[in-house]
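1. sequence and predicted structure below; questions after.
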Amino acid sequence: MSDELTGRLVFSITGRDKGRAFILIGTNGQGFYLLADGKLRKMEKPKKKNPRHVQLTNQTNVFLRAALLQGEKPENYVIQNAIRQMLETAKMNGERGSLENAER
């Protein structure tokens, strides 16, 4: 994975977590994305997901991204707050689609 995807808001499009918002925190070296939401999937045990099964957004949290690229592991509440902020920003900007059906 290239570094520009780190810290990006993504949505699961398949599986039982379909529609759930996550932060992309890295890859596992085999081409799978590692996702965390701070609630069900914490930083300590991120969700491994096939890149074809997620929808990337154009929203990135720069603070999370910087921390992840420096090798830090942010607290789970920081991830939860970042997801909440990005979803609220998207609603205020009138973005539609997966954001309307997203679970927090």
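-> Ah, there it is. Predicted model only: the values in this text are computed from it and were never measured.
2. can you map out the helices along the protein?
-> Ranges of helices in the chain, per DSSP state H, are 62-69, 76-92, 98-101.
3. number of nearby residues for the nearest residue to Ala66 once chain neighbours are set aside?
-> Distances taken as C-beta to C-beta, 6 or more residues apart in numbering place Gly7 nearest to Ala66, at 7.8 Å, with adjacent residues excluded. In short, each C-beta sits where N, CA and C put it, glycine included. Each residue near Gly7 was counted by other C-beta atoms under 10 Å, and the total is 24.
4. so who does Gly7 touch?
-> Residues near Gly7 by C-beta atoms under 8 Å, 6 or more residues apart in numbering: Ile23, Leu24, Ile25, Thr60, Asn61, Val62, Leu64, Arg65, Ala66, Leu68.
5. how about 7 Å then?
-> Ile23, Leu24, Thr60, Asn61, Leu64, Arg65, Leu68 (C-beta atoms under 7 Å, 6 or more residues apart in numbering).
6. which of the helices of the chain sits closest to Leu56?
-> helix 98-101 (10.5 Å; C-beta to C-beta).
7. mind listing the strands for the protein?
-> Ranges of strands in the chain, per DSSP state E, are 8-12, 21-27, 33-36, 47-49, 54-60.
8. next, the angle helix 76-92 makes with the last one.
-> What it means is strand 54-60. Calculated by axes from the mean of the first three to the mean of the last three C-alpha atoms, to 10 degrees, strand 54-60 forms an angle of 90 degrees with helix 76-92.
9. got the contact list for strand 54-60?
-> Gly7, Arg8, Leu9, Val10, Phe11, Ser12, Ile13, Tyr33, Met86, Ala90, Ser98.
10. how about the first one?
-> Strand 8-12 has contacts (C-beta under 7 Å, 6+ apart) with 18-24, 35, 49, 53-57, 59-60, 83, 86, 98, 102.
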